[in-house]
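Trainee: all I have is the shape, not the residue letters:
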């Protein structure tokens, strides 16, 4: 072309380079193509206006579906829409591959896209080459969709910011995988680093950068538009001031994408690559989709972390700081584990209160509900209980006053009444005496020195706050040297879908194992519920909502028990109590006889003869029933297992305040009573009746090394005694099958 000649028209230039033009209005559903574009589509070489259906019939169906996604991405990023398209003939065969480039815009009034672009034939790239990766194929599309599904699922399951970053760092994108990443947040005009991940420790990013810095991540945070840098030369040319910061890492390509939540840019996601990446529309689409999922996951994780921090701080601020407890001869350990995510604040609490006369009290309870109101009531109730206890009230009076206190709060807010369960234990360290009052809570459990675990049944009343004048009877028991008492809330028992029965069995397994210190035992109990193994020991109530956990452990330090002589043994016989327990059955609670039977079975859990256990339970039931029927006094049960040179022996003693001593009688066939001592005579190895001041004690013993006394016909003593009458046979059967 000579100087001064006019430039050729754009139409002529495009025709010379075999490039066609086209225009697409999605609202009208029409596509206008020029002569070159019509020829490339396999139509007569003339300008024509086609419907979307006519154009779609000439394109590969997979490529047509890809075009819509590329157009949306280009509009969102304000970039060109570039896509490779396979042209099909009437027989469905690919005749050529063309490249389309356009600048799409969106009309919000018509809710339509307007596109004007070019069409040019290109050589079909060889599979496996970088150009080949940019071509749209069905296999690549399926790989991308599978990757996005996996990435979305993994990010949705991440519960913390660090988990989100680990998931994002381990994503293996189809055809191109990042070499490192960083996530920046916007705080007070500064771009702060939330987290980063790289192949080695050398990958670092600045901790804080002003938003007006010429740094790609800062520019993305300001504008909300993605930036793609395909080469170091391009990075150096566009951002010369921050190029020295990126140069030392040796990366070849960078992608900076906005992290948006609720229409607001909350930060920037930087992805770096060790190999050159051209960032085709398909690759940009994958990165943009991951960025959106990443921003949602970070928002969820940040909200969950804030709520957990608020929950933990609120809950722990209301709990006592259990520092070193200087209790002569005793040790205390406590644990509190909050409930799951969100503002599910629990009402569980524990407390250790110093009392006059060198005593102290253990308190554990649970306010109904999992919300802020439950936590607030828990704090008020804990303070009230501490105040009542510090005034010197006995356990029953402390709980009665606390129930009246909570009842008054419920009266002031009748729309949302709450109740609370509570267990209050007053401890005398000198003798290990425990006075227990219970308000609808679980009974304590005691671990003996030989790892036998007993559920100590205690008298109780209704939960706090239900009635203003509730009565809470006190149960006294003794914590022997070497024994450990566990009191806890129902979260420790029932978390993981367990009910009371299966939950206690899980805890018994941990309590029976040899443990080190009391702190290690507390950790083991929590791990049994929240540790990795708990996922494989779910209970029958699999849909149970998780609960928070509070527990207290009290142990009395072991000492040399020595040896002595006990009732029912010959002179000079040396024996040692291996484990022992006590239980009171009051006249007003005859139903506790069944509890005493179960208590004895737990004490004899490892006895070698089940028949002897049945015999002992039968005899205990007879003696306790006789006390309740023939006297006006309460019955005190003392049971112990004694070890000696010839094996173990069980010693069971029931004491009451009745003055009349029992005698063996020979009841008639139709008599309804009088067989208690006869059964003891038949089934026990030794027994006796001992006056105790104003009362008496009836005791019997069974040796584990010997068999029960047998009759002349060879039948065992239990069977012979049970078969004495049909009435006794029925009673024996009931006592063997009913705890």
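Mentor: Cool, got the structure. Treat the numbers as computed from the prediction; the structure is a model and nothing was measured.
Trainee: wouldn't residue 469 be in contact with residue 400 here?
Mentor: Yes - counting by C-beta atoms under 8 Å, residue 469 touches residue 400, with 7.4 Å between them. For glycine as for every other residue, the C-beta is placed from the backbone atoms N, C-alpha and C.
Trainee: neighbour-wise, which of these two wins?
Mentor: Neighbours per residue, other C-beta atoms under 10 Å: of residue 469 and residue 400, the larger number sits with residue 400, 22 against 8.
Trainee: in a helix, that one, correct?
Mentor: Yes - if the criterion is DSSP: H, G, I helix; E, B strand; the rest coil, then residue 400 is within a helix.
Trainee: ok, it to residue 280 distance?
Mentor: Residue 400 sits 77 Å away from residue 280, going by C-beta to C-beta, to the nearest Å.
Trainee: same question, residue 609
Mentor: Taken as C-beta to C-beta, the span from residue 609 to residue 280 is 81 Å.
Trainee: more neighbours, these two?
Mentor: Set residue 609 next to residue 280 and count neighbours by other C-beta under 10 Å: residue 280 wins out with 21 against 17.
Trainee: test my guess that that one contacts residue 80.
Mentor: No - Residue 280 is beyond contact range of residue 80, at 11.2 Å (criterion: C-beta under 8 Å).
Trainee: ranges for the helices of the stretch 101-250 of the chain?
Mentor: For the stretch 101-250 of the chain, helices defined by DSSP state H, counting those that start in this stretch occupy the ranges 130-134, 138-157, 161-169, 216-223, 232-238, 243-247.
Trainee: mind giving me the packing neighbours of the fifth one?
Mentor: This means helix 232-238. On a contact count with 3 or more C-beta pairs under 8 Å, 6 or more residues apart in numbering; DSSP states H and E, helix 232-238 meets helix 243-247.
Trainee: residue 625: how many residues sit nearby?
Mentor: For residue 625, using other C-beta under 10 Å, the count is 17.
Trainee: quick check, it in a helix?
Mentor: Yes - assessed with three-state DSSP, residue 625 lies in a helix.
Trainee: for the stretch 101-250 of the chain, what are the low-confidence residue spans?
Mentor: Along the stretch 101-250 of the chain, the model assigns pLDDT under 70 to residues 124-146, 172, 174-176, 198-207.
Trainee: mind doing that once more with 50?
Mentor: Filtered on pLDDT under 50, the stretch 101-250 of the chain yields the residue ranges 126-139, 200-202.
Trainee: pick the most buried one from the helices of the stretch 101-250 of the chain.
Mentor: Ranked by mean neighbour count, those are led by helix 216-223 with a mean of 21 (mean count of other C-beta atoms under 10 Å).
Trainee: what's in contact with that one?
Mentor: Here helix 216-223 makes contact (C-beta atoms under 8 Å, 6 or more residues apart in numbering) with 182, 184, 186, 191, 209-212, 226-227, 229, 238-239, 242, 254, 256-258, 265, 267-268, 270.
Trainee: among the residues you listed, which are in strands?
Mentor: 182, 184, 186, 191, 209-210, 227, 229, 254, 256-258, 265, 267-268, 270 (DSSP state E).
Trainee: which of these count as buried?
Mentor: Neighbour counting with 16 or more other C-beta atoms under 10 Å marks 182, 184, 186, 191, 209, 227, 229, 254, 256-258, 265, 267-268, 270 as buried within the ones in strands among the contacts of helix 216-223.
Trainee: residue 377 touches residue 347, doesn't it?
Mentor: Yes - the criterion here is C-beta under 8 Å, and residue 377 meets it with residue 347 at 6.6 Å.
Trainee: show me the common contact partners of these two, please.
Mentor: With C-beta under 8 Å, 6+ apart as the test, residue 377 and residue 347 both reach 367, 418, 420.
Trainee: burial of the closest residue to the first one other than its chain neighbours, as a residue count?
Mentor: The one in question is residue 367. Nearest residue to residue 367, sequence neighbours excluded (C-beta to C-beta, 6 or more residues apart in numbering): residue 347, at 2.9 Å. Residue 347 has 28 neighbours, counted by other C-beta under 10 Å.
Trainee: residues touching residue 347, list them.
Mentor: Shown in contact with residue 347 (C-beta under 8 Å, 6+ apart): 366, 367, 368, 369, 370, 374, 375, 377, 378, 418, 420.
Trainee: all helices for the stretch 551-700 of the chain, in order.
Mentor: 592-603, 610-630, 676-683.
Trainee: dump those to CSV, plus mean pLDDT and distance to residue 233.
Mentor: Converted to CSV, the helices of the stretch 551-700 of the chain look like this (pLDDT from 0 to 100; distance: least, C-beta to C-beta, whole Å):
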stretch, mean pLDDT, distance to residue 233
helix 592-603, 86, 80
helix 610-630, 89, 86
helix 676-683, 82, 99
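Trainee: could you redo these as CSV and give each row distance to residue 287?
Mentor: Listed next are the helices of the stretch 551-700 of the chain as CSV, based on distance: least, C-beta to C-beta, whole Å:
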stretch, distance to residue 287
helix 592-603, 63
helix 610-630, 70
helix 676-683, 82
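Trainee: for those, which one sits closest to residue 123?
Mentor: Closest of those to residue 123 is helix 592-603, at 84.2 Å (criterion: C-beta to C-beta).
Trainee: list of residues touching that closest one?
Mentor: Residues contacting helix 592-603 (C-beta under 8 Å, 6+ apart): 452-457, 579, 581, 583, 585-586, 613, 616-617, 620-621, 624-625, 628, 637, 639, 641, 652, 735, 738-739.
Trainee: give me that answer again for 7 Å
Mentor: 452, 454-455, 457, 579, 581, 583, 585, 613, 616-617, 620-621, 624-625, 637, 639, 738-739 (C-beta atoms under 7 Å, 6 or more residues apart in numbering).
Trainee: show the buried residues in the residues you listed.
Mentor: 452, 454-455, 457, 579, 581, 583, 585, 613, 616-617, 620-621, 624-625, 637, 639.
Trainee: residue 437 against residue 472, yeah?
Mentor: Yes - using C-beta atoms under 7 Å, residue 437 is in contact with residue 472, at 4.6 Å.
Trainee: residue ranges in this protein under the pLDDT threshold?
Mentor: Of all residues in the chain, those with pLDDT under 50 make up the ranges 126-139, 200-202, 341-343, 561-573, 670-671, 708-739.
Trainee: quick check: next helix or strand after the longest helix anywhere in the chain?
Mentor: If you go by DSSP state H, the chain has its longest helix at helix 281-317. From helix 281-317 onward toward the C-terminus, using DSSP states H and E, the following helix or strand is strand 330-337.
Trainee: neighbouring strands - and their directions - for that following strand?
Mentor: Strand 330-337 pairs in its sheet with strand 549-556 (antiparallel), by DSSP bridges.
Trainee: what does the strand it pairs with rub up against?
Mentor: With C-beta under 7 Å, 6+ apart as the test, strand 549-556 has contacts from 329-337, 348-350, 362, 364, 427, 432, 479-489, 491-492, 495, 518, 521-522, 525-526, 529.
Trainee: which among these end up buried?
Mentor: For those, buried by 16+ other C-beta under 10 Å: 330-337, 348-350, 362, 364, 427, 432, 479-480, 482-489, 491-492, 495, 518, 521-522, 525-526, 529.
Trainee: among the residues you listed, which ones are in strands?
Mentor: Short answer: the buried ones among the contacts of strand 549-556 in strands (DSSP E) are 330-337, 348-350, 362, 364, 427, 484-488.
Trainee: tell me which of the shared contacts of residue 377 and residue 347 is nearest to residue 681?
Mentor: Closest to residue 681, out of all of those and judged by C-beta to C-beta, is residue 420, at 50.4 Å.
Trainee: if we can go back for a sec, how close does the residue nearest to residue 367 sit to residue 381?
Mentor: The span separating residue 347 from residue 381 equals 9 Å under the rule C-beta to C-beta.
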